[in-house]
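# The sequence and its predicted three-dimensional model are supplied below.
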Amino acid sequence: MSTTDTDSAAGKAAENAAEQTADGGAGAEERELGAAGSQLSTAPAEEISVPSLGPLGWARWFWRQLTSMRVALLLLFLLSLGSIPGSLIPQTSIDQLKVQDFKDKHPTLTPVYEKLQLFHVYSSVWFSAIYILLFISLIGCIVPRTWQFVGQLRGRPPAAPRRLTRLPAYTTWRSDAEPEKVLEAAQRIMKRRRFRSRITGNAVAAEKGYLREVGNLLFHTALIVLLVSFAAGQLWKTEGSSLITEGGGFSNSLTQYDDIKTGQLFKSEDLAPFSFQLDRFHATYERSGPQMRTPRTFRADVTYWDGADGPARKTSIKVNEPLEIQNYKVFLLNHGYSPVVTVRDGQGNVVHKGPVVGLPIDGANLTESMVIKLGDYRDKNGKRDQVAYQGQFLPTWVRSKGMFSQFPALDNPALVLTAYHGSLGIDGGTPQSVYQLDKSRMKQYREADGKTKFARALAPGDTMKLPGGEGSLTFDGVKSWASFQISHKPGDQTALLGAVGALVGLVGSLFIQRRRIWIRAVKGSDGATVVEMAGLGRSEYAKLPEELGDLAVRLQTDAPPTAEPEDGPDEDGPKAASTPGDTEEPAHPADPAEGASA
């Protein structure tokens, strides 16, 4: 070989090594083995030459990079990183009060976070850009690979290369069987092993493992399904809460929600017609030990109606066991107590009768802050006035322990109240919280001495009378209330299917190996049939020599090996499957380039 040939060969070797990619060096294998190693992967070939790039070339290069698996994985990783701030920093779309509290506590960080859109991560420009680029990348990656894979399925296994000894796994022996019989037996064995096979020339070409590419395509298609499902869930979602007292109900309309969050494409007419009523709430608690006060029974018995004219059905809602109706889920969130009171004014007229919901101030023992506002009130002389009661409800009150409940159950319920009169500040039309009382323009009632502030502690059945006959309040009893979250996300089911599909596809792409096997049978110079078997895998398949050896043993039933001469390669019979380095070259080797031809 001349110097020029040597330099050329060295250059080609260096070029082949440099062009190997993260796809397992598939391109290098194809160049080395020709048609035998082609189409083992659906990855697009790198064909752009950098020195000749123009505007169109740069556009093609950018599109190739965007639609490569490497960039898709990078974008998926960036999307995961971008989700971290959304779980650590309060989000405006979830809880505006927490966001405002964070801003008040961190005045220095707030301007930076606002510029980076960290208070609404999932609708930010940068998160949406990553999301859309990943979507485009996956589609641009899958579509051409799918068409290429369909073409491969319609094709046939490639013919055997001239030099089978160049393949990663190889074995050979000599037999007295006729070459035609050997090839027929080989094709029968390969079909029994579910290989696609055909006889071409003096060899059988067989291929197996197409489900690996199916799994790969399924995985990335499932990722697209997940992205679309999450987007649909955010754009058309409905999520709100409602607090219901025993005997009360909920109808799925905007006015029935205490608060509601919807997607950007939501319309009020999209709300499905259904309703439910809280019949009774059951709660029991652990009374001793390290888990004292832990709920043991936490159940809401409800009656619900599916549709405007649907029949009434009864069921129970528990924690993590929601009511599912018309693709909505009704979750049980919290529980508390509503004292039932009857309020009379100075004329003896009933101005309020029913349960009053308080604001929990002690989550463990369910102490609640109570406010009752009466804007249309008459004193004993018939003069209009505004009166408010404020205090606390304690499910289990121990007087010596202070003004907090000692246990969440109704062991010794007490309603401790005081009263005010004056202006509630509601005449100007400014909305107020029902749980808070503005006392700036109100006066607290006093005892008969004019100095002691008026206050009473009531048990169920007790009545407190305001000083001077200005009215009364009767503590009639206690009802339970429960808060529910009503959630509707249209993409949940498809997201689940996408997750299952991604898992199945990932398992297939990881554990299924695509490989090709060739069996050649030709007459030797001495009249014996030379049988050669070789295999080529999509990637490093450690079991390929073992599989090839097993197939060789099965084929030897129809093509038994003959005894080798004393100076033969192996006195014990046929050679086991081996790597090319373990195989001796033929006496008259062909041109090295022939090993890459079909």
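Yes, it's here. Residues are numbered from 1 along each chain as shown.
# From now on I want contacts and neighbour counts done on CA atoms only, so please keep to that.
Fine.
# helix or strand right after the helix or strand harbouring S137?
Using DSSP states H and E, S137 falls within helix 125-154. As assigned by DSSP H and E, the chain's next helix or strand after helix 125-154 is strand 169-175.
# Only the C-alpha atoms, please, for that next one, written as CSV.
The C-alpha trace of strand 169-175 is given here as CSV (Å, rounded to 0.1, in the frame of the first residue of the first chain):
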residue,chain,number,x,y,z
ALA,A,169,-20.6,-12.2,16.5
TYR,A,170,-19.5,-14.9,14.1
THR,A,171,-19.3,-18.7,14.0
THR,A,172,-18.6,-21.3,11.2
TRP,A,173,-18.4,-25.0,10.6
ARG,A,174,-18.4,-27.5,7.8
SER,A,175,-21.2,-30.0,7.0
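# Remind me what the helix holding S137 packs against, helices and strands.
For helix 125-154, the packing partners by 3 or more C-alpha pairs under 8 Å, 6 or more residues apart in numbering; DSSP states H and E come out as helix 55-66, helix 69-88, helix 211-235.
# Contacts for the shortest one, please.
So the one you mean is helix 55-66. 48, 71-72, 133, 137, 140 (C-alpha atoms under 8 Å, 6 or more residues apart in numbering).
# among those residues, which one has the lowest pLDDT?
Across these, the bottom pLDDT score, 48, is held by I48.
# For the contacts of helix 55-66, give me TSV that also has distance to P490.
As requested, the contacts of helix 55-66 are exported to TSV (distance: C-alpha to C-alpha, whole Å):
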residue	distance to P490
I48	43
V71	29
A72	26
L133	23
S137	25
G140	26
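# Among the residues you listed, name the buried ones.
Neighbour counting with 16 or more other C-alpha atoms under 10 Å marks 71-72, 133, 137, 140 as buried within the contacts of helix 55-66.
# Closest one of those to E246?
Nearest to E246 among the buried ones among the contacts of helix 55-66, counting by C-alpha to C-alpha, is L133 at 50.2 Å.
# What residues sit buried inside stretch 292-309?
293, 298-306.
# Looking at these, which are in strands?
298-306 (DSSP state E).
# ok so, going back, now, among the buried residues of stretch 292-309, which is nearest to I517?
Using C-alpha to C-alpha, the buried residues of stretch 292-309 come closest to I517 at D306, 60.9 Å.
# who does that closest one bridge with?
F274 (DSSP bridges).
# Give me the pLDDT for it.
pLDDT for D306: 93.
# and it, what does it touch?
D306 touches 273-275, 312, 325-326, counting by C-alpha under 8 Å, 6+ apart.
# Going toward the C-terminus from the host helix or strand of K373, what's the next helix or strand?
K373 is located in strand 367-378, with elements delineated by DSSP H and E. Next along the chain after strand 367-378, taking DSSP H and E as the criterion, comes strand 384-394.
# hang on, I426 in a strand?
No - under DSSP: H, G, I helix; E, B strand; the rest coil, I426 sits outside any strand and is assigned coil.
# what about it, distance to N349?
Distance of I426 to N349, computed by C-alpha to C-alpha, to the nearest Å: 22 Å.
# Same question for L134.
For L134 relative to N349 (C-alpha to C-alpha), the value is 67 Å.
# quick one on the thing from earlier: could you identify the least confident member of the buried residues of stretch 292-309?
Scoring the buried residues of stretch 292-309 by pLDDT puts R293 last, at 90.
# ok, now which ones touch it?
285-287, 364-365, 407-408.
# which of the residues you listed has the weakest pLDDT?
Comparing the contacts of R293 by pLDDT, A364 comes last, at 87.
# Which element, helix or strand, includes that residue?
Under DSSP H and E, no helix or strand contains A364.
# Y285 and P295 touch, don't they?
Yes - applying C-alpha atoms under 8 Å, one finds Y285 in contact with P295, separated by 4.4 Å.
# how close does the residue lying closest to P490 once chain neighbours are set aside sit to P273?
In this structure, P490 finds its nearest non-sequential neighbour in G233, 5.4 Å apart by C-alpha to C-alpha, 6 or more residues apart in numbering. Between G233 and P273 the distance is 20 Å, computed by C-alpha to C-alpha.
# Would you state the helices of the protein in chain order?
Counting by DSSP state H, the chain has helices at residues 3-18, 26-33, 55-66, 69-88, 96-105, 109-115, 125-154, 179-192, 211-235, 492-511, 544-555.
# Of all the ones you listed, which one comes closest to A482?
helix 96-105 (21.8 Å).
# So which bits of that closest one are buried?
Of the residues in helix 96-105, those buried (16+ other C-alpha under 10 Å) are 99, 102-103.
# Then stretch 362-379?
For stretch 362-379, by 16+ other C-alpha under 10 Å, it's 365-375, 377-379.
# For A177, give its distance to A59.
59 Å.
# lowest-confidence helix or strand of this structure?
helix 3-18 (a mean of 40; mean pLDDT, DSSP states H and E).
# got the contact list for L227?
131, 135.
# pLDDT score for it?
pLDDT for L227: 83.
# Against F274, how distant is it?
For L227 relative to F274 (C-alpha to C-alpha), the value is 30 Å.
# now F454
Taking C-alpha to C-alpha, one finds F454 at 47 Å from F274.
# so where is the stretch 401-550 of the chain shaky, pLDDT-wise?
429, 539-540 (pLDDT under 70).
# can you map out the strands along it?
Secondary structure of the stretch 401-550 of the chain (DSSP state E, counting those that start in this stretch): strands located at 414-422, 442-444, 456-458, 463-465, 471-488, 515-523, 529-537.
# Now mean neighbour count too, for those, in JSON lines please.
Output for these, formatted as JSON lines (neighbours: other C-alpha atoms under 10 Å):
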{"stretch": "strand 414-422", "mean neighbour count": "21"}
{"stretch": "strand 442-444", "mean neighbour count": "16"}
{"stretch": "strand 456-458", "mean neighbour count": "17"}
{"stretch": "strand 463-465", "mean neighbour count": "17"}
{"stretch": "strand 471-488", "mean neighbour count": "20"}
{"stretch": "strand 515-523", "mean neighbour count": "23"}
{"stretch": "strand 529-537", "mean neighbour count": "24"}
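# quick one: which of those is nearest I189?
Closest among the strands of the stretch 401-550 of the chain, using C-alpha to C-alpha: strand 515-523, at 11.1 Å.
# who touches the closest one?
40, 157, 160, 179-180, 182-183, 186, 202-209, 529-538, 548.
# related to what we said a few turns ago, make a PyMOL selection of the buried ones in the contacts of D306.
Here is the PyMOL command that selects the buried residues among the contacts of D306 (16+ other C-alpha under 10 Å):
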select buried, resi 273+274+275+325
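# Nearest to D476 among the contacts of D306?
S275 (28.6 Å).
# Let me know whether that closest one touches G248 as I believe.
No - between S275 and G248 there is no contact, the gap being 11.0 Å when judged by C-alpha under 8 Å.
# Which residue is the nearest non-sequential neighbour of L437?
Spatial nearest neighbour of L437, chain neighbours left out: V371 (6.9 Å); criterion: C-alpha to C-alpha, 6+ apart.
# which residues sit in contact with Q256?
242, 250.
# Repeat the analysis, applying 10 Å as the threshold.
Q256 is in contact with 240-243, 249-250, counting by C-alpha atoms under 10 Å, 6 or more residues apart in numbering.
# Repeat that for R192.
R192 neighbours (C-alpha under 10 Å, 6+ apart): A186.
# Quick check: it vs Y435, distance?
77 Å.
# Could you do P490 as well?
34 Å.
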